[in-house]
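J.: sequence unknown, structure follows:
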């Protein structure tokens, strides 16, 4: 949907502003109605998916990268480095991610690239923790010992032996992380610190919709529904992956 | 026990120090000249000599490590500096906003605990029934719903369409004003608690000691209460403590939505006004509340669960 936005949208999300038809309830011409500037809400919701999904994927990609690298090296090298990484991880965990992201946005200012950074640098702690604990568990398994006996270098063992075998749980954390990032981006845009108008983003649309809650409530309904369904889907995917990958819970959860 | 408590409290100090350092570095590389933002500068126009003077007055002309040490020294004495914009002590500004935020957060927690835990508990005991299905669908939805949207919907239906509640504001601190924001804030937390409780109870149900308890003829009530609930609560408590942080974080959005005069809305306003000392103070306090709650959870943990070693 995000990729095919230009073909799916009936109108242009920004340029098609028909002030004669502003704040119209959903109709056949405008399926989701129009906003205060007469822009088609359906088109804006479709285009908004680009922002949400790219923020979710890019920032979680960054988080996973940082988390995996730190977790792998912490688990492998151990000692001082491990203490340092785990100390940092615990500190990151003690700062609520929305508050952290807000503080970074305060420094960098609004904008899409800045959101990537604010969310991509603050939520790696979960990936790091899960990677490290998996590494500690895997490190003593036979195939790693065998690889070491064959004379593989540490880096080679890390990336070719251990990483592929522990990628499952990391993937689960990442899926849930994408959902979380989308929620935080929406919250930031809602507060006015995320993507700026007129760029259509779901959180930003809700932010302006609040003022028209009394006169045009449908403006609030659809962007929120879009966020909800996307995040719900990702959370269900994450849960499903966990059930499949974790032999402990497969029997018990269902 | 006392030694365990003392140790945990001592561990607290380096964490706080590290957090102040991260925040200080982060917020003080802020582009844009803070001296320009103060009230006086805007009155008198931009005169370079004046900016120098202002910088001196706010201590912004010193190197950053000296500023950090001064900041720490003042912080230890409870002084968070002056607001650039309002000329008031940050500590005073924050103190007046702390109580509304704490009220909101604890009200949300109360709602979440009193609905989420029983819901998770009973759906685990009645696995596969409609109650289980219903509450688990509700739980995954509760985690996924954007809070400000839920707040908007509640506002629309329960305050605009059906005027049961005031749309927003603090009122005189009455129950009517707090219910909608507290519920909005608590839903995600409630859903999480329900899921955690269910998972914990489901796991406990398969253990040997439950089978033994039933085999020796204990009543369902006793087994549920003493054997299942108590053991499940230990697991739930940990999640509850760790997730309290995201609850504190969400107060920012919910307070802004409902025009609640708390720390979160102060923080957002201060970001827009580039009032760094206030932003810094708000972030620090939100984190501090979260850390204190977790400290309390850890101590409680040691009381509930005799297996915790008081290392």
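T.: The structure has been received and is ready for your questions. Just so you know, these numbers come straight off a predicted model, no measurement behind them.
J.: which bits of the stretch 201-311 of chain B sit near chain A?
T.: Contact residues (CB under 8 Å from any CB of the partner chain) of the stretch 201-311 of chain B with chain A: B:202-203, B:206, B:242, B:245-246, B:248-250, B:252-253, B:256-257, B:267-268, B:271-272, B:274, B:279, B:283, B:286-287, B:290-291, B:294. Where you see a C-beta, it was placed from the backbone N, CA and C, and this is true even at glycine.
J.: Mark which of those are buried, thanks.
T.: The neighbour count (16 or more other CB atoms under 10 Å in any protein chain shown) marks B:202-203, B:242, B:245-246, B:248-250, B:252-253, B:256-257, B:267-268, B:271, B:274, B:279, B:283, B:286-287, B:290-291, B:294 as buried among these.
J.: In helices only, show me these.
T.: B:202-203, B:242, B:245-246, B:248-250, B:252-253, B:256-257, B:267-268, B:271, B:279, B:283, B:286-287, B:290-291, B:294 (DSSP state H).
J.: And the strands in the stretch 151-254 of chain A?
T.: Read by DSSP state E, counting those that start in this stretch, the stretch 151-254 of chain A holds no strands at all.
J.: The residue in it that chain B sits nearest to: what's it in contact with?
T.: As assessed by CB to the nearest CB, chain B sits closest to residue A:224 within the stretch 151-254 of chain A, at 3.3 Å. Residues in contact with residue A:224 (CB atoms under 8 Å, 6 or more residues apart in numbering or on different chains) are A:202, A:206, B:146, B:149, B:152, B:153.
J.: List the ones among those that fall in helices.
T.: Among those, the ones falling in helices (DSSP H) are A:202, A:206, B:149, B:152, B:153.
J.: Flag the least confident of those residues.
T.: Within those, pLDDT reaches its minimum at residue A:206, with 80.
J.: pLDDT below threshold where in the stretch 101-250 of chain A?
T.: Applying pLDDT under 70 to the stretch 101-250 of chain A flags the ranges A:246-250.
J.: where exactly do the helices run in it?
T.: For the stretch 101-250 of chain A, helices defined by DSSP state H, counting those that start in this stretch occupy the ranges A:112-120, A:125-138, A:142-149, A:154-156, A:163-191, A:202-209, A:218-245, A:247-253.
J.: what's next to the third one, contact-wise?
T.: When contacts are defined by CB under 8 Å, 6+ apart, helix A:142-149 is touched by residues A:138, A:156, A:157, A:161, A:162, A:165.
J.: Next, see if the longest helix seen in chain A gets close to chain B.
T.: The residue-count maximum for a helix in chain A (DSSP H) belongs to helix A:41-77. No: judged by CB under 8 Å from any CB, helix A:41-77 makes no contact with chain B; its nearest approach is 10.7 Å.
J.: Test my guess that residue B:289 contacts residue B:106.
T.: No: look at residue B:289 against residue B:106 with CB atoms under 8 Å: they stay out of range, at 10.2 Å.
J.: quick one: which of those two has more around it?
T.: residue B:289 (19 against 13; other CB atoms under 10 Å in any protein chain shown).
J.: Now do the contacts for that one.
T.: By CB under 8 Å, 6+ apart, the neighbours of residue B:289 are B:101, B:102, B:105, B:248.
J.: Please identify which pair of these lies farthest apart.
T.: Farthest pair in the contacts of residue B:289 (CB to CB) is B:102 and B:248. Separation: 9.7 Å.
J.: rewinding a little: any idea which of the helices of the stretch 101-250 of chain A is most buried?
T.: Counting by mean count of other CB atoms under 10 Å in any protein chain shown, helix A:202-209 has the highest mean neighbour count of these, with a mean of 26.
J.: right, is it up against chain B?
T.: Yes: residues of helix A:202-209 contacting chain B under CB under 8 Å from any CB: A:203, A:206, A:209.
J.: okay, and for chain B, where does confidence drop off?
T.: Chain B contains residues with pLDDT under 70 at B:1, B:29-62, B:85-86, B:172-173, B:306-311.
J.: what's the longest helix in it?
T.: In terms of residue count, the longest helix belonging to chain B (DSSP H) is helix B:90-125.
J.: touching chain A at all, it?
T.: No: looking at helix B:90-125 against chain A by CB under 8 Å from any CB, there are no contacts, and the closest approach is 10.1 Å.
J.: and that helix, what does it pack onto?
T.: On a contact count with 3 or more CB pairs under 8 Å, 6 or more residues apart in numbering or on different chains; DSSP states H and E, helix B:90-125 meets helix B:130-144, helix B:175-205, helix B:230-257, helix B:263-272, helix B:276-304.
J.: in the following helix or strand past the second one, what counts as buried?
T.: Using DSSP states H and E, the helix or strand that follows helix B:175-205 in sequence is helix B:208-215. By 16+ other CB under 10 Å, the buried positions in helix B:208-215 come out as B:210, B:213.
J.: outside of helix B:208-215, which residues touch it?
T.: Helix B:208-215 has contacts (CB under 8 Å, 6+ apart) with B:204, B:222, B:223, B:227, B:228.
J.: to the chain's geometric centre, what's the distance from it?
T.: Offset of helix B:208-215 from its chain centre (CA atoms, centre = their mean, to the nearest Å): 39 Å.
J.: what angle separates that helix from helix B:175-205?
T.: On the basis of axes from the mean of the first three to the mean of the last three CA atoms, to 10 degrees, helix B:208-215 is oriented at 90 degrees to helix B:175-205.
J.: show me the residues around residue A:239 that make contact.
T.: So residue A:239 contacts residue B:140 (CB under 8 Å, 6+ apart).
J.: number of nearby residues for residue B:182?
T.: Burial measure for residue B:182: 24 neighbouring residues, criterion other CB under 10 Å.
J.: coming back round to it: what about burial for the contacts of residue B:289, which qualify?
T.: Neighbour-count burial (16+ other CB under 10 Å) applied to the contacts of residue B:289 gives B:101, B:105, B:248.
J.: my read: the first one touches residue B:262, true?
T.: Yes: with contact defined as CB under 8 Å, residue B:101 counts as touching residue B:262 (3.5 Å).
J.: what is in contact with the two at once?
T.: B:251, B:255.
J.: starting at the chain centroid, how far to the longest helix of chain B?
T.: For helix B:90-125, the separation from the chain centroid amounts to 8 Å (computed by CA atoms, centre = their mean).
J.: what's the angle from it to helix B:130-144?
T.: Using the same axes, to 10 degrees: helix B:90-125 against helix B:130-144 is 150 degrees.
J.: just to revisit the earlier point, nearest to residue B:27, of the helices and strands packed on helix B:90-125?
T.: The nearest among those, by CB to CB, is helix B:276-304 at 5.3 Å.
J.: For that closest one, buried residues please.
T.: Neighbour counts over helix B:276-304 (16+ other CB under 10 Å) mark B:276-287, B:289-291, B:293-295, B:297-299, B:302 as buried.
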